[in-house]
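Visitor: sequence plus the predicted model coming up.
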Amino acid sequence: MVEVGRGGTRQARFERDVIEDAVAGRLSQLELGSSSLVFGRIDRESTTGPIKTSADAQAPDATGPSETFYIGRLAVADERQEPVVVDWRAPIAEPFFRATGGNPLGLLRRRHFVCRGRVLADLEDEIFDLDALDASANGGNGPRLNAHGALYAALEQRRDGQLRQVVATIQAEQDEIIRSPRKGILVCQGGPGTGKTIVALHRAAYLLYTYRFPLAGQGVLVVGPNRLFLRYVERVLPSLGEAGVHLFVLADLFNEIFPEVRVRLADTPDVARIKGDVRMSQVVSNAVRDRQRPLRSDLRLEFGLGYVTLAAGTSRAIVAEARRRFRHHSAGRAYVEQAVYAAMSASHRRRPDPSKLRERFSRHPDVVEAFERMWPLLTPAQLLRDLYGSRALLRSAAGGVLDDAETEQLYRARGDSEADYEWSDSDVPMLDEAYAVLGPRSRSRKRRSDTEIRTYGHIVVDECQDQPPMALRMIARRSLNGSMTLVGDIAQATSAHAPSSWHEILAHLPSGPVVPRQSELTLSYRIPQPSLELANQVLAAAAPGLAPPAAVRIDGSPPRFVAASNGVAQAVLDTVVSEAAELDGGSMLVVSPAEYMDDIAELLAAAGVDFGRATAASRNATGALHPHVTLAPVRLCKGLETDGVVVVEPAAMVDEEPQGLRALYVALTRATKRVAVVSSRPLPEPLRSAAASCGAGACNTGRTAANAAAAEASSGDSHG
């Protein structure tokens, strides 16, 4: 359509490229997969007088002039540019998510389309026009009411190893966070099952829509806790028409600058705790300063009929001046070289041009050695490899910062070569801190490794409570303007640096002119009441000061406790088989301590169970949650959800993890339908009473007063 042909002008070719990019972008937006385009409709009082509808039809139940809008995943217009479908992020669609009986926001009716893929399974109407509602109640043929049927239908669907977008059932408290202003830091605190991850991803899509300029150019970054989690959520944003959001773990951010750095190792918890401590920023700064050293003795070289000399005292003055002038180490190298050649020129009786000295001595081994001592050019990997591999350098850099035992734990042999050296996830923030101190080795843009740290217009951090201080500093460096959304649950903080409040996290992030805002999600949509009651008993012991979430789904299967009398692995196999039958093909997560993983995997494979084993896969790995059974350690389970979960040996899990009871709380809150606990050792104290009552067939599945009130508030208020 826009082909220029031979001899076309540069402007015509540019316009062709722009149009082609726009068409390709629009086509990618329209790739919704198996999702339905439209999920709702609103009929509202007309604001202009005459009837105006997106489907050229008046709402039949309205008593006066009204206008109708269909709400969908992205906007679609007809040939006259009239809206056929309104994007869910548009301001006109906001009442679809926010309207209640007490505040209908001008709506007469709200309709939900309950879909299975692209099949319309049901319709659900909520009437805000009281006259129409009375007519229906008096025996008329008006629409029937079905309180939150679309929400419950979505919650009851089977999980298949991929997180679905649930824009059709976003609730008012979630929508308020999604549409919060962009500036500053927004904290979203929420217990398991409250939809934190959904809120985070939908907020990223909303901000890109509402602030297309400048965010389309600045970029939006979503930071996840691990790659298994990223694979789990990767379909959500494309299904909302936003494929340009960057989903990364911390290692990916650093590999943008240094792709050759291989992150494959796993540190022990003690070493990871030390490397994540904010004190390591001072250790890195000290390590760089230790590499800025004056000469031990004078450097004397023959030149012409005389000598040029660089005195040790002069080198000391040059190093001190370079430290004073330059914030980044690498930027000072050019000054050091210039000052050295100038000093050597001044030492000769004929004062030769420094450029001639540079040309003569730039490759002289003594001069090269002098520069490597005074001001070496280093990559972050070279700096830390040298630091970890030398006890003397470690003692010098960590002296007065870490104690002797902590310093010794950082020691690691250099290995045979830099190319074979491998790094751990806890090393990544250290490497990034080193790069922040060193700076680019060159201002040249020709090499990838010479690029600056990329910044983003908005950053979303999921499971933020488990990011150690050094990681938070790394994330903060990626923020262009301090605009961030932090999502997490303090109760699920299981790392060695588990914070007690969000204030501890915010202390390591940008403090701009906008005061950080905090919102809380209080209703757990995913977890049925019996399972949540069990998990809340663990929460009361793990974090006594934190309020537990309230369940929306009152009915559910009681937790099941299995005594492993014939061995843990065999009991897990038997439980997986029986639970799979109860779930009738639903997905299942087996959460196990490391010591049982291999035995369980061996028995599952021998029995022919179709399962997968979750690992912290590399960036190019294809591993993800298995659609039927996934075997995983608890550290990889945050943010995931499956139909059923089997928790293996809770006592061993508590002993293995730095925050043992909080890790157990995480494991118990992954299921949407059924929970089973397999144990051979005595159960942790919070589970003992529950196990005793379940063993006697008396598991509590009743509705507590608090949860009854929460459920009524979540379902009844919409209808007044």
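Guide: Everything's here; your move.
Visitor: for the most centrally placed residue in the chain, phi and psi?
Guide: Residue closest to the mean C-alpha point of the chain, counted by C-alpha atoms, centre = their mean, is residue 224 at 2.4 Å. Residue 224 has phi and psi values of phi -110, psi 170 when expressed as degrees, to the nearest 10.
Visitor: how about it: what's its closest non-neighbour residue?
Guide: Nearest residue to residue 224, sequence neighbours excluded (C-beta to C-beta, 6 or more residues apart in numbering): residue 230, at 4.6 Å. For the C-beta atoms, the positions are set from N, CA and C on the backbone; glycine is no exception.
Visitor: surely that neighbour and residue 236 touch.
Guide: No - assessed by C-beta atoms under 8 Å, residue 230 is found out of contact with residue 236, at 10.8 Å.
Visitor: more crowded one of these two?
Guide: Neighbour tally, residue 230 and residue 236, criterion other C-beta atoms under 10 Å: the higher count belongs to residue 236, 25 against 21.
Visitor: pull the contacting residues for the more buried one.
Guide: By C-beta atoms under 8 Å, 6 or more residues apart in numbering, residue 236 lies in contact with 163-165, 198, 201-202.
Visitor: distance check, it against residue 76.
Guide: Here residue 236 is placed at a distance of 20 Å from residue 76 (C-beta to C-beta, to the nearest Å).
Visitor: can you pull the contacts of the residue nearest to the centre of the chain?
Guide: 230, 233, 247-249, 462-463, 639.
Visitor: equivalent analysis for residue 96, please.
Guide: 40, 42, 71, 88, 110.
Visitor: can you tell me the SS state at it?
Guide: Secondary structure, DSSP: H, G, I helix; E, B strand; the rest coil: residue 96 is helix.
Visitor: show the model's pLDDT score for it.
Guide: Listed pLDDT for residue 96 reads 94.
Visitor: same question for residue 701.
Guide: 36.
Visitor: what do you get for residue 305?
Guide: 84.
Visitor: how close does it get to residue 352?
Guide: For residue 305, the distance to residue 352 (C-beta to C-beta) stands at 12 Å.
Visitor: about what we covered before: identify the farthest-apart pair in the contacts of residue 96.
Guide: Longest distance between any two of the contacts of residue 96 is 13.2 Å, between 88 and 110; criterion C-beta to C-beta.
Visitor: would you mind telling me which of those two has the busier surroundings?
Guide: Between residue 88 and residue 110, counted using other C-beta under 10 Å, the more crowded position is residue 88 (27 against 23).
Visitor: which residues touch the more buried one?
Guide: 71-73, 96-97, 167 are the contacts of residue 88 under C-beta under 8 Å, 6+ apart.
Visitor: with residue 396 instead?
Guide: Per C-beta under 8 Å, 6+ apart, neighbours of residue 396: 286, 290.
Visitor: could you list the low-pLDDT ranges of the stretch 451-600 of the chain?
Guide: Applying pLDDT under 70 to the stretch 451-600 of the chain flags residues 451.
Visitor: where do the helices sit along it?
Guide: Applying DSSP state H, counting those that start in this stretch to the stretch 451-600 of the chain gives helices spanning 469-477, 502-506, 529-542, 568-583, 594-606.
Visitor: most tightly surrounded among those?
Guide: helix 529-542 (a mean of 24; mean count of other C-beta atoms under 10 Å).
Visitor: tell me what that helix is packed against?
Guide: Identification of packing neighbours for helix 529-542 by 3 or more C-beta pairs under 8 Å, 6 or more residues apart in numbering; DSSP states H and E yields strand 550-551, helix 660-668, strand 671-679, helix 685-695.
Visitor: and those as JSON lines, adding mean neighbour count and distance to residue 273?
Guide: Formatted as JSON lines, those follow (neighbours: other C-beta atoms under 10 Å; distance: least, C-beta to C-beta, whole Å):
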{"stretch": "strand 550-551", "mean neighbour count": "24", "distance to residue 273": "34"}
{"stretch": "helix 660-668", "mean neighbour count": "26", "distance to residue 273": "15"}
{"stretch": "strand 671-679", "mean neighbour count": "25", "distance to residue 273": "28"}
{"stretch": "helix 685-695", "mean neighbour count": "17", "distance to residue 273": "25"}
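Visitor: mind checking which of these is nearest residue 648?
Guide: Taking the helices and strands packed on helix 529-542 one by one with C-beta to C-beta, strand 671-679 is closest: 5.3 Å.
Visitor: using the three-state scheme, assign residue 221.
Guide: strand.
Visitor: list the contacts of residue 206.
Guide: 89, 178-179.
Visitor: no wait, residue 157
Guide: Applying C-beta under 8 Å, 6+ apart, the residues near residue 157 are residue 164.
Visitor: any idea how far it lies from residue 116?
Guide: Residue 157 is 8 Å from residue 116, by C-beta to C-beta.
Visitor: out of residue 305 and residue 352, which sits in the busier spot?
Guide: Each of residue 305 and residue 352 has its neighbours counted (other C-beta under 10 Å); residue 352 has more, 17 against 8.
Visitor: what residue in the protein is the furthest from its centre?
Guide: The centre of the chain is farthest from one residue, residue 305, which by C-alpha atoms, centre = their mean lies 66.3 Å away.
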